[in-house]
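**Q** what's the 3D shape of this:
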Amino acid sequence: MRKIREVLRLHYEQKLGQRQIARSANVSQSTVHEYLALAKAHAAGLGWPLDEQWDEARLTAALFPPSAPSGRPPQRPAPDFSALRQEREKHRELTLELLWEEYREHHPDGYSYSRYVASVFMLRNHVNPVTDARGGDVDAT
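**A** Purely as a prediction, here's the structure:
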């Protein structure tokens with residue numbers, strides 16, 4: 001539960017510093033700072049002493065309005081990992097950076113380079129044939 005009223009009371013009535021308010025209200029000093037900054041930002045509707053209509057729920061709603069639901073992050077087009085593997089097998093000098101640059105030409109809002117490389121390495125065992133510890137193909141027999 002937020003202690004906004006108590007923080008405001010100690011600040012305006014008792015004229016205590018933030019550290020003293022934090023100890024007295026049993027909240028962190030950063031919380032006291034945040035509450036006071038929010039109260040000052042909304043000072044037009046808040047005066048001290050607070051009216052009876054300003055209960056804890058209304059204070060919370062005024063100082064911490066609900067944020068809009070973010071929803072799911074936009075889906076970025078995934079690279080064709082099997083095609084990447086085939087290209088790298090055909091052209092040994094081909095680097096992931098070159099493949100990523102080509103990918104970004106087609107998908108400007110696609111993966112960043114670090115995400116692209118991480119995806120390639122995470123999925124390499126799912127796309128490549130199973131290999132032994134030395135890197136050679138494992139005999140299926």
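
**Q** mind listing what's buried in the longest helix anywhere in the chain?
**A** The single longest helix within the chain, with elements called by DSSP state H, is helix 113-127. Within helix 113-127, the residues that count as buried by 16 or more other CB atoms under 10 Å are 116, 120, 123. All C-beta atoms are positioned from the backbone trio N, CA, C, and that covers glycine.

**Q** now, which of the residues you listed sits nearest Leu8?
**A** Checking these against Leu8 with CB to CB, the nearest one is Tyr116 at 49.6 Å.

**Q** mind checking how far the nearest residue to Tyr116 once chain neighbours are set aside is from Leu94?
**A** In this structure, Tyr116 finds its nearest non-sequential neighbour in Trp100, 4.8 Å apart by CB to CB, 6 or more residues apart in numbering. Trp100 is 11 Å from Leu94, where distance means CB to CB, to the nearest Å.

**Q** what packs against the lowest-mean-pLDDT helix or strand in the chain?
**A** Here the helix or strand of the chain ranked lowest by mean pLDDT, DSSP states H and E is helix 113-127, holding a mean of 77. Applying 3 or more CB pairs under 8 Å, 6 or more residues apart in numbering; DSSP states H and E, one finds that helix 113-127 contacts helix 81-90, helix 96-106.

**Q** quick one: average confidence on the shortest one?
**A** Which is helix 81-90. Across helix 81-90, the average pLDDT comes to 85.

**Q** between the buried residues of helix 113-127, which is closest to Glu89?
**A** Distance to Glu89 across the buried residues of helix 113-127 (CB to CB) is lowest for Val120, with 13.6 Å.

**Q** ok, back up a step: since we're on the residue nearest to Tyr116, how many residues are nearby?
**A** Neighbour count of Trp100, defined by other CB atoms under 10 Å: 21.

**Q** sorry, back to before: which residues make contact with the least confident helix or strand of the chain from outside it?
**A** With CB atoms under 8 Å, 6 or more residues apart in numbering as the test, helix 113-127 has contacts from 78-79, 81-82, 84-85, 96-97, 100, 103, 110-111.
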